[in-house]
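[1] From the sequence below, what's the structure:
(one chain, ligands or ions: 2)
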Amino acid sequence: MPEQASSFALEYDLFYLFLIALTTFFTIGISAAAVIFLIKYRRRSQGEVPEQIEGDMRLEITWTVIPFLIAMFIFAWGAKLYYQMYTDPKDALEIFVTGKQWMWRAQHPDGQREINELHLPLGRRVKLTMTSEDVIHAFYIPAFRTKTDVVPGRYTTTWFTPTRTGTFHLFCAEYCGTQHSGMIGKIVVQDYSDYQAWLRGAPKEMTPAEAGQKFFTSLACNNCHKDQDAGRGPSLAGQFGSDVKLENGSTVKMDEAYIRESILNPGAKTVLGYPHIMPTFQGQVTEEQVAMIIQYIKSIGPKQNEAVAKPAAAAPAGQPAAKPAAAQPTGTTAKPVAQGEQPKQN
Ligand code: HEC
Ligand SMILES: [Cu+2]
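    Ligands and ions are numbered 1, 2, ... in the order given. Now for the predicted structure:
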C-alpha cells in the first residue's frame, strides 16, 4: 500500500486489513470444513442411510449471534470513519479545486493558483471544495486515502490533515476521456516555513473573493444587487447562511448550491417580493467564476466567511472582502502532528 501521509491513512489501513484478515479467516475455515466433512461423512457403502438430525438450538443461536456481532462491529467502525470524513472540519484551510479535461486547477484562499500541483501545509486541516467544468472526475490521493467524485453542476467537498512532508501522487480516478490517464498531478506537503515561502513566491493574482467582486461588476450583477435592498434585486450583503423566503412560500438556506443555482438558473427559485427579471448567466460564466462570485458574496456584509451555515466567529462588518479568515497566515493555528517525521520523497 502507498505510504500513510494523512490523518486518515492509518485507521483506514487498519480497517482494510481487518476486513482482509476476517474474510481470509472465514474463506480458509469454511473451505477446510467443507473438505474435511466431505471426506469424513462420505458414503461408505451402497445402501447407507445417514443418521437423521433434528437440529440444535444452541448451534443455531451461536452461528447467528457471532456473525451478527461481527457485522455490527464492521458497521460501527465503518460508520465512525465515514462520519469523520464527511463531517466538515473546523477552521480548515479552504482550497477550491476544479477538474477539467484533463487537468486539475487549485485556488488558494490568498489567491495563489496552481495547475496539476497542490501545495499544502503539514499538520493543518485542509478542506477542498471541488467541481468540474465538464464531465465527472475523481480527486484521488492514494497516500491520503481520500477519493472524491468531482461532478459538474455540484460542489463536493473532502478534507484531510497531511501528516508527512513530501510529494505524493494525485490521480483522476474516474474515466473521463482519452487523456484520462494523463490527468495526474503532485501533492506537495511542506512544513510551515517552506509552505509560507511557497505562498510568498507563488504566482498570485487576486483572492477568489476579489476576483468574484470583479466578475460581480463586469457581469453587471451590481446593477440589480446593491448594498441595500434598494436595487431591483435583493441585497446580498450578509445574507450567506441565512434563510431566504421564496415566492412559493417555502424557505431555502443561502448556501453555495443555492447561489450557484440562482446564477445559472434564476427561474428555479424566486425570492418573495421580487420580479422574475434576473437573466440566466448560463454559458457566460465558468464554474470557477461562479465559485469566485460565491466567495465574494460570502465575504460581503456581517456574516463573513465560515461557509456552511455555522454562524461562527463573524468578522467585523465591512471588513475588506479580500481577507476571509481562512486566508490569515494560513498556518498559524497549525498543530504539526507529524513533527520529527523525516521529509520523504516518493
Ligand atoms: C436584471 C437584474 C439582475 C441582474 C443583472 C442580476 N440579478 Fe440576481 N436577482 C435579481 C432578482 C430580481 C432576484 C430575486 C428574484 C429571483 O430570485 O429570481 C435575484 C436573485 C438573486 C439571488 C438570490 C438572492 C436571495 O436573496 O435569495 C442571487 C444569489 C443572485 N441573484 C445573484 C446574482 C449574480 C451573482 C448576478 C450576476 C452574475 C446577478 N444576480 C444578476 C435580479 C438581478
Ligand atoms: Cu478526469
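
[2] Which helix or strand lies directly C-terminal to the helix or strand harbouring residue 195?
    Here residue 195, judged by DSSP states H and E, is contained in helix 192-201. Later in the chain than helix 192-201, the nearest helix or strand by DSSP H and E is helix 208-218.

[3] What helices and strands are in contact with the helix holding residue 195?
    strand 117-121 (3 or more C-beta pairs under 8 Å, 6 or more residues apart in numbering; DSSP states H and E). Glycine gets a C-beta too; all of them are placed from N, C-alpha and C.

[4] The stretch 201-346 of the chain: strands as residue ranges?
    Shown for the stretch 201-346 of the chain, the strands assigned by DSSP state E, counting those that start in this stretch span residues 243-245, 251-253.

[5] Can you tell me which of those strands is nearest to residue 49?
    strand 251-253 (72.3 Å; C-beta to C-beta).

[6] if we can go back for a sec, using PDB, write out every CA atom in the helix holding residue 195.
    Extracted in PDB, the C-alpha atoms of helix 192-201 (Å, rounded to 0.1, in the frame of the first residue of the first chain):
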ATOM      1  CA  TYR A 192       5.300  25.600   8.000                       C
ATOM      2  CA  SER A 193       8.200  27.800   6.900                       C
ATOM      3  CA  ASP A 194       8.600  26.100   3.500                       C
ATOM      4  CA  TYR A 195       4.900  26.400   2.900                       C
ATOM      5  CA  GLN A 196       5.000  30.100   3.800                       C
ATOM      6  CA  ALA A 197       7.900  30.700   1.500                       C
ATOM      7  CA  TRP A 198       6.000  28.900  -1.300                       C
ATOM      8  CA  LEU A 199       2.900  31.100  -0.600                       C
ATOM      9  CA  ARG A 200       5.000  34.200  -0.900                       C
ATOM     10  CA  GLY A 201       6.700  33.100  -4.100                       C
END
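
[7] Could you give the separation of it from the chain centroid?
    24 Å (C-alpha atoms, centre = their mean, to the nearest Å).

[8] what's the answer for stretch 122-129, then?
    10 Å.

[9] Endpoints of that stretch, how far apart?
    Distance across stretch 122-129, first residue to last, is 19 Å (C-alpha to C-alpha, to the nearest Å).

[10] Near residue 34, how many other residues are there?
    Close neighbours of residue 34, defined as other C-beta atoms under 10 Å, add up to 10.

[11] In which helix or strand does it reside?
    Residue-wise, residue 34 maps onto helix 9-40 under DSSP H and E.

[12] Could you identify the helix or strand that succeeds that helix?
    helix 57-86.

[13] Quick check: phi and psi on residue 97?
    phi -130, psi 130 (degrees, to the nearest 10).

[14] What's the separation between it and residue 148?
    9 Å (C-beta to C-beta, to the nearest Å).

[15] Same check on residue 78?
    17 Å.

[16] would you turn the strands of the stretch 201-346 of the chain into TSV with distance to residue 30, mean neighbour count and mean pLDDT?
    Compiled in TSV, these are given as follows (distance: least, C-beta to C-beta, whole Å; neighbours: other C-beta atoms under 10 Å; pLDDT from 0 to 100):
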stretch	distance to residue 30	mean neighbour count	mean pLDDT
strand 243-245	56	13	88
strand 251-253	51	13	89
